[in-house]
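Participant: build me a model from this:
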Amino acid sequence: MGKIVFASDFHLGQKGTTSSEEREKALVCWIDEVAMQAEEVFFLGDTFDFWYEYKSVIPKGFTRFLGAMARLADAGIPIHLFTGNHDMWIFDYFTKELGIPLYRQPTEFVRQGRRMLIGHGDGLGPGDRRYKFLKKIFNNRACIWLFHWLHPSIGMWIANKWSSSSRESNNDYVFTGPEKEYLLRYCEGELKSGANFDYMIFGHRHLPIDYLLSNEKTRYINTGDWLRFKSYGVMEDGKIELKFYNEPGQSVISNDPESWKSFS
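Facilitator: Numbering: from 1, shown residues only. Presented below is the predicted three-dimensional model:
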């Protein structure tokens, strides 16, 4: 069995600890060094900080990354692309151009003898009602149709302003404990409802997490982000390990409360 790679939350177009261009260059190097050696690649959402496909227009930029995606596809490496809360308006561009399947909901996969539930993670679990309400609006066909009639320059300006303001209102890098972490509670809820998975793998939370759930079998994996961590997951021989690309000394949140201290 070869390696399967998972990564999310690149937020291309958004400034983080580095500029978007610097992050994109690092991401392309990672694809060439790591993802090109994999047998399968999963991108778990928020690949872009904003994306909207007009009928004949896509957002300007990301040339290096799009080229790297094309190299993966042309090499015959299966790619799975999930939408996130920042790029939910990806439609059929990547499917038509590169044959990449698109997923909007958590989806079950079986690989290397392991059952996995994989998704971006936005809007799952209890609470966060404001975002869940907004998500329904943004996914409404009328809303998408109305945005379509905005000139791309106006539409992109509005979207980028919204994206920046929403990030400023959140503290992505605080781990609030298993009782308050929505995604962790969602995973536990699914297990109580009878779900049977070896791994439940998500992005969205921006924290590298490898947490053994209460059934002492299922692991909740969060791939972290590329705004701060350059983190990703690698599955080999049925086991997933979180790694960091050229970012030594980074830590992973686990069941040990000591691992939470730098994220609280």
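Participant: quick one: the strands in the stretch 51-200 of the chain?
Facilitator: For the stretch 51-200 of the chain, the strands defined by DSSP state E, counting those that start in this stretch cover 79-82, 102-103, 107-111, 114-118, 199-202.
Participant: format those strands as TSV; extra columns: mean neighbour count, mean pLDDT and distance to residue 184.
Facilitator: (Each C-beta comes from the backbone N, C-alpha and C, glycine too.) Converted to TSV, these look like this (neighbours: other Cβ atoms under 10 Å; pLDDT from 0 to 100; distance: least, Cβ to Cβ, whole Å):
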stretch	mean neighbour count	mean pLDDT	distance to residue 184
strand 79-82	21	98	19
strand 102-103	16	98	21
strand 107-111	14	98	19
strand 114-118	20	98	13
strand 199-202	26	98	9
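Participant: which of the ones you listed sits closest to residue 186?
Facilitator: strand 199-202 (8.4 Å; Cβ to Cβ).
Participant: format the strands of the stretch 51-200 of the chain as TSV; extra columns: distance to residue 42.
Facilitator: Output for these, formatted as TSV (distance: least, Cβ to Cβ, whole Å):
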stretch	distance to residue 42
strand 79-82	5
strand 102-103	9
strand 107-111	8
strand 114-118	6
strand 199-202	8
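Participant: to residue 135, which of those lies closest?
Facilitator: Among the strands of the stretch 51-200 of the chain, strand 79-82 comes nearest to residue 135, with 14.4 Å by Cβ to Cβ.
Participant: what about the helices in the stretch 51-200 of the chain?
Facilitator: For the stretch 51-200 of the chain, helices defined by DSSP state H, counting those that start in this stretch occupy the ranges 63-74, 93-98, 129-138, 141-148, 152-168, 182-192.
Participant: pick the most buried one from these.
Facilitator: Among these, helix 182-192 has the highest mean neighbour count (mean count of other Cβ atoms under 10 Å), at a mean of 19.
Participant: give me the pLDDT value at residue 95.
Facilitator: Note for residue 95: predicted pLDDT of 97.
Participant: and it, what does it touch?
Facilitator: Neighbour list for residue 95: 101, 102 [criterion: Cβ atoms under 8 Å, 6 or more residues apart in numbering].
Participant: look up how far residue 81 lies from it.
Facilitator: To residue 81, residue 95 is 8 Å away according to Cβ to Cβ, to the nearest Å.
Participant: who touches both of those two?
Facilitator: Taking Cβ under 8 Å, 6+ apart as the criterion, residue 95 and residue 81 both touch 101, 102.
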